[in-house]
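> Need a 3D model of the sequence below.
(one chain, ligands or ions: 1)
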Amino acid sequence: MNKKYLYINTIGCQMNVYDSEQMIRCLKPLGYEISQSIEAADLIIVNTCAIREKAEHKAYSFLGRLPGLKRKNPDLIICVGGCVAQQEGRMILGRIPYVDLVFGTHALNRLSEHIRNISLKRCRIADVEMTREIMEFSSSGVPAACDEVSKFVTIMRGCDNYCTYCVVPHVRGPEISRRPESVIEEIRELVGSGVQEVTLLGQNVNSYGIKEGLCSFPELLKLVNEIEGLFRIRFTTSHPKDLSEDLIAAFAGLEKLCSHIHLPVQSGSNSVLKRMNRKYTRELYLEKIDRLRKISPDIAITSDVIVGFPGETEDDFKATLDLVKEVEFDSLFTFGYSDRKNAPAARFPDKIPDNVKNERLRELLELQEYYTLKKNSALVGSTELILVEGFSKKQDFQGEQEGFTCVHWTGRTSTNKIVNFVDENSLSGDSTLIGKRIEVKIEKAFSHSLLGKPVDSKPMPVGVIGEESYAA
Ligand code: SF4
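Reported below is the predicted structural model:
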C-alpha cells in the first residue's frame, strides 16, 4: 500500500483532540500517516469547534488557505469535521467548492468509508446523521501512538443540559455514555504503551452512566483507580448541579485521583444563572466548593466565566467579581459572550455592547491574575511531585554559554500546575526524563507556571533562569 500523508488541524476542546486521534487510527488501515507539513498532505482534515464565534472563524480562515494546495494537487482530499460540520452540514459543500467531505460529530466511525469512496469516485459527501449509539473504536491491530505520558479518554458524548448560550446539545446530540468495560480496556491499553495519566472526558462527567443504567461516575473512577501501572487520573468537565457527595468523597478516597477540579460557574449572579438555564444558584455553588475543601483542603479549583451575557447588569457583574474573591480560584477561563446559531440566548434582548464586555473581561482577568499568583506563590518553598511531560516550551541557553549543558523540562503537579525545572545532568535532546516522577522544590512562582529544582540535583549557578524564559 502506498504511503499517504494526513494533516489534521484540531480546533477547540480536549474532546476534539481525542476525536482527532481516533481519526488517525481510523485512517491508518488506508495507509495514511500523520504529517506535520500541510504541503506534503494527501488528505487535510480540519476538526472544528462551534462553541465560540472565534473558533468558527478560525476554521473558515484555515479553509481559506487551501485552494492553492488543491490547484497544485487536484487529488488532495479536503475534509471538514467536528461541530461546525455538524451545524452547517451540506451548506459547507455549497459555500466552499474545494471541500470534498463534511462529516459531523456522529460520523467519525464512517470516516474511512467516505475517504475510500472519495478516492475512488471523486465524489463529494456530507454526512451529519446523528445516531443514538456511542461510537466505539476498535484498536485491535493498530497500536496507540503513545510517545506521550498523558492522554485523553472520552467516556461520554453529547449533553442534555441545554444551557441557553451553548450549541453543544445541538451539535453533539444527547448524552450517551460508553460502557465501563470498554473505557477500562482502552485505558489498560494506553497504560501498556507507556501512558501514566489519563483525563476522562465528557461534557458533564457527573451524569456518566445514569441514562443507560451503567455504573455511576464515582464507581467508574474506582475501577480506573484499580488499573495497575496508572499513576494519575483527571477528569473534565463537571456540572456543578450534578456534583455528588460520592464524587466529592472520591477526592479523599482514591489515591490516583488528582487534587484538581474544573467546576464551571459561568456567573456569580443568580438572575444570570437562571437565564443561562444553569439549574443551580450561587449559594449552591459555594456550598459545593465548601464541601470539596472540607474533604480535600489542598484541592485546586478552576472555573469558566462568561462575561457580558445578554442583560448582565453592573450588579450582576459585581456579583461575579465577589464570587471570584470568595472562592479564590486557582485559575479561571474567561470568555466574552457571543451569539451562537441555534442557542436560545442569541434571541435574548439587551445584548451587552463590546466595549462594556471588554472592560468587564479586563477587570475580571486582573482580579483573577492576583489570585492565581497568590496561589502559585504559596507553593514557593514546598516540594511537589511532578510527572515530567517533556521539554519546556521555552529553553534558556544561557547554561551553554556558561560552559555546561542543561535542558529545561516541564511537568504538572497533582493540582495541575505547570512546573518547569532544569536538570543539569540531562543532555540537550535527551528524552530520558519524560515519564519520570520527580520531586521538585519550588523556587519561583509566575502567573502561569512555577519554577523549581529537583530535590536531589546539585545547585544551579545563580542567574541562569530568568522570568521571561518561563512564561508557559
Ligand atoms: S452543560 Fe451547558 S455549557 Fe456544558 S456542554 Fe452542556 S449545554 Fe453546553
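
> Every contact and neighbour count from this point should use C-alpha atoms.
Will do.

> I'd like to know how many residues surround His260.
22 (other Cα atoms under 10 Å).

> can you pull the contacts of it?
Arg234, Ile299, Ala300, Ile301, Thr302, Ser414, Thr415, Asn416 (Cα atoms under 8 Å, 6 or more residues apart in numbering).

> Ile78 looks like it's in a strand, true?
Yes - assigned with DSSP: H, G, I helix; E, B strand; the rest coil, Ile78 falls within a strand.

> That one and Leu93, how far apart?
Separation of Ile78 from Leu93 (Cα to Cα, to the nearest Å): 11 Å.

> before we move on, what about Val205?
The separation that Val205 has from Leu93, given Cα to Cα, amounts to 34 Å.

> Comparing these two, which residue is more hemmed in?
Taking neighbours as other Cα under 10 Å, Val205 and Leu93 compare with Val205 leading, 26 against 19.

> That one touches Lys241, doesn't it?
No - contact criterion Cα atoms under 8 Å: Val205 and Lys241 do not qualify, at 11.7 Å.

> residue ranges for the strands of the stretch 151-300 of the chain, please.
Along the stretch 151-300 of the chain, counting by DSSP state E, counting those that start in this stretch, strands occupy 156-157, 176-177, 197-201, 232-236, 260-262, 300-307.

> Name the residues of the chain found near the ligand, please.
Proximity of the chain to the ligand, by Cα under 6 Å from any ligand atom, involves residues Cys159, Asn161, Tyr162, Cys163, Cys166, Val168, Pro169, Gln203.

> pLDDT score for the residue of the stretch 301-450 of the chain found nearest the ligand?
Distances between the stretch 301-450 of the chain and the ligand by Cα to the nearest ligand atom are smallest at Ala343, namely 9.3 Å. For Ala343, the pLDDT comes out at 94.

> Quick check: it vs Gly213, distance?
29 Å.

> and what of Thr131?
In terms of Cα to Cα, Thr131 sits 19 Å off from Gly213.

> go on, Arg275?
Distance from Arg275 to Gly213, by Cα to Cα: 31 Å.

> quick one: which of the two has more around it?
Arg275 (19 against 9).

> List the contacts of the more buried one.
So Arg275 contacts Thr164 (Cα under 8 Å, 6+ apart).

> One more: Ile77?
Here Ile77 is in contact with Asp42, Leu43, Ile44, Val99, Asp100, Leu101, Ile118, Ser119 (Cα under 8 Å, 6+ apart).

> which one of these has the most neighbours?
Busiest of those [other Cα under 10 Å] is Leu101, holding 26 neighbours.

> Hmm, that one is touching Cys79, no?
Yes - using Cα under 8 Å, Leu101 is in contact with Cys79, at 4.6 Å.

> In the protein, which helix is the longest?
In the chain, assigned by DSSP state H, the helix with the most residues is helix 354-377.

> Would you mind identifying the next helix or strand past it?
strand 383-391 (DSSP states H and E).

> what's the angle between that next one and strand 232-236?
On the basis of axes from the mean of the first three to the mean of the last three Cα atoms, to 10 degrees, strand 383-391 is oriented at 80 degrees to strand 232-236.

> Can you show me the CA trace of stretch 363-376 as PDB?
Provided in PDB are the C-alpha atoms of stretch 363-376 (Å, rounded to 0.1, in the frame of the first residue of the first chain):
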ATOM      1  CA  GLU A 363     -11.400  43.800  35.200                       C
ATOM      2  CA  LEU A 364     -12.100  40.100  35.800                       C
ATOM      3  CA  LEU A 365      -8.800  39.000  34.400                       C
ATOM      4  CA  GLU A 366      -6.900  41.500  36.500                       C
ATOM      5  CA  LEU A 367      -8.700  40.200  39.600                       C
ATOM      6  CA  GLN A 368      -8.000  36.600  38.800                       C
ATOM      7  CA  GLU A 369      -4.300  37.300  38.000                       C
ATOM      8  CA  TYR A 370      -4.000  38.400  41.600                       C
ATOM      9  CA  TYR A 371      -5.400  35.100  43.000                       C
ATOM     10  CA  THR A 372      -3.500  32.900  40.500                       C
ATOM     11  CA  LEU A 373      -0.200  34.500  41.600                       C
ATOM     12  CA  LYS A 374      -1.200  34.300  45.200                       C
ATOM     13  CA  LYS A 375      -2.000  30.600  44.900                       C
ATOM     14  CA  ASN A 376       1.200  29.900  43.000                       C
END
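
> Show me what counts as buried in that stretch.
Leu364, Leu365, Gln368, Glu369, Tyr371, Thr372, Leu373, Lys374, Lys375, Asn376 (16 or more other Cα atoms under 10 Å).

> Touching that stretch from outside, list them.
Against stretch 363-376 from outside (Cα under 8 Å, 6+ apart): 321, 324, 328-332, 334, 445-450.

> now stretch 33-40
Contacts for stretch 33-40 (Cα under 8 Å, 6+ apart): Lys3, Lys4, Tyr5, Leu6, Tyr7, Ile8, Ile24, Ala41, Ile44, Leu69.

> what's the pLDDT at the last one?
It stands for Leu69. 96.

> Contacts only, for Lys436.
Per Cα under 8 Å, 6+ apart, neighbours of Lys436: Leu387, Val388.

> Need phi/psi at it.
phi -80, psi 150 (degrees, to the nearest 10).

> Tell me the buried residues in stretch 104-123?
The neighbour-count check on stretch 104-123 (16+ other Cα under 10 Å) flags Gly104, Thr105, His106, Ala107, Leu108, Leu111, Ser112, His114, Ile115, Ile118 as buried.

> Could you dump these into a markdown table with secondary structure added?
Converted to a markdown table, the buried residues of stretch 104-123 look like this (three-state DSSP):
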| residue | secondary structure |
| --- | --- |
| Gly104 | coil |
| Thr105 | coil |
| His106 | coil |
| Ala107 | coil |
| Leu108 | helix |
| Leu111 | helix |
| Ser112 | helix |
| His114 | helix |
| Ile115 | helix |
| Ile118 | helix |
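
> can I get these in CSV with distance to Asp19?
CSV is the format used below for the buried residues of stretch 104-123 (distance: Cα to Cα, whole Å):
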residue, distance to Asp19
Gly104, 11
Thr105, 9
His106, 11
Ala107, 11
Leu108, 8
Leu111, 11
Ser112, 14
His114, 17
Ile115, 16
Ile118, 21
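
> Distance check, whichever residue of the stretch 201-350 of the chain sits closest to the ligand against Lys444.
The ligand sits closest to Gln203 of the stretch 201-350 of the chain, with a gap of 4.9 Å, by Cα to the nearest ligand atom. Taking Cα to Cα as the measure, Gln203 falls 35 Å from Lys444.

> who's more crowded, those two?
Taking neighbours as other Cα under 10 Å, Gln203 and Lys444 compare with Gln203 leading, 24 against 19.

> leaving aside the residues next to it on the chain, what's closest to the more buried one?
Thr237 (5.6 Å; Cα to Cα, 6 or more residues apart in numbering).

> burial count for the one you found?
So Thr237, with other Cα under 10 Å, has 18 neighbours.

> didn't it look like it was pressed against Thr302?
No - the criterion here is Cα under 8 Å, and Thr237 misses it with Thr302 at 10.7 Å.

> between the two, what contacts are shared?
Counting by Cα under 8 Å, 6+ apart, the shared contacts of Thr237 and Thr302 are His262, Leu263, Pro264.
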